[in-house]
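Asks: A predicted structure for the sequence below; I have some questions about it.
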Amino acid sequence: MHYARVPRLFADLELAHGDGRFARLFRMLTKADLLILDDWGPDRLNPNQRRDLMEIVEDRYGAGSTLITSQLPVESWHEVIGVPTFADAILDRLVHNAYRLALDGPSMRDPKMAKPDTAAPATDTADAVATTMAKPATGAKK
C-alpha cells in the first residue's frame, strides 16, 4: 500500500524527474497493491502532471487497486485533467471497473461536529466527496 496526497505527489514526481529518482518512485507507485491518492483535484494538472498520471494509471490498470478521494464530483475530473484526450484515457482507466462512493454530510473537521452535544450538524461543509476505487481486473497478477 502507498498513500499520497496528490499535490505533494506531483511535487515529488517533479523533483524526482530532476534528481534521478523518478524510475524508483514510479516503480513504487505502479507496483503497490493499493495506491491511495488523497485530495484529488484542487488544481488543474499541468502537462507533466498529466503525462505522469497517465503513465501511472496505465501501468496500474488491471494490476492493483487505486483509491482516489476528492471533494469534486467525478463529473468535474475531466476539467481538472484539462486536455480532453488525456482526460478520456486517464478516466477510462480509473472509472472502468470501479466502485464509486459519493458521501454527503458535514465536514468531520468542523469544530461543531467534534462536540457530542451538538444538536444540528453544520451546513457549511464540503458536501460531496467522490471516492473511486478501481479494482484489478479478474485474473490480474498480484
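Replies: Okay, I see it.
Asks: does Lys31 really touch Arg24, like I thought?
Replies: No: in this structure, Lys31 is not within contact of Arg24 by CB atoms under 8 Å, at 10.7 Å. From N, CA and C alone the C-beta is placed, and that goes for glycine too.
Asks: Apart from its neighbours in sequence, what residue is nearest His2?
Replies: Leaving out its chain neighbours, the residue that sits closest to His2 by CB to CB, 6 or more residues apart in numbering is Ala32, at 4.1 Å.
Asks: go on, Ser65?
Replies: Counting by CB to CB, 6+ apart, the residue nearest Ser65 is Leu34, at 4.8 Å.
Asks: quick one: contacts for the one you found?
Replies: Contact partners of Leu34, counting by CB atoms under 8 Å, 6 or more residues apart in numbering, are 1-2, 64-67.
Asks: For my notes, please list these in TSV and give secondary structure and distance to Ala87 for each entry.
Replies: Below are the contacts of Leu34 laid out as TSV (DSSP: H, G, I helix; E, B strand; the rest coil; distance: CB to CB, whole Å):
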residue	secondary structure	distance to Ala87
Met1	coil	27
His2	strand	24
Gly64	coil	22
Ser65	strand	21
Thr66	strand	16
Leu67	strand	20
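Asks: Separate out the buried members of the residues you listed.
Replies: Neighbour-count burial (16 or more other CB atoms under 10 Å) applied to those gives 2, 64-67.
Asks: Show me which of these is closest to Ala102.
Replies: Leu67 (14.4 Å; CB to CB).
Asks: quick one, phi psi at Ala98?
Replies: Ala98 adopts backbone torsions of phi -120, psi 160, taken as degrees, to the nearest 10.
Asks: can you offset everything so residue one is 27?
Replies: In the new count, where the first residue is 27, that last one comes out as Ala124.
Asks: got a list of what Phe36 touches?
Replies: Per CB under 8 Å, 6+ apart, neighbours of Phe36: 71, 75, 78.
Asks: Which members of these occur in helices, if any?
Replies: 75, 78 (DSSP state H).
Asks: Using TSV, please lay out the contacts of Phe36 together with distance to Phe112, pLDDT and neighbour count.
Replies: Converted to TSV, the contacts of Phe36 look like this (distance: CB to CB, whole Å; pLDDT from 0 to 100; neighbours: other CB atoms under 10 Å):
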residue	distance to Phe112	pLDDT	neighbour count
Leu71	8	95	21
Gln75	10	96	22
Asp78	11	97	22
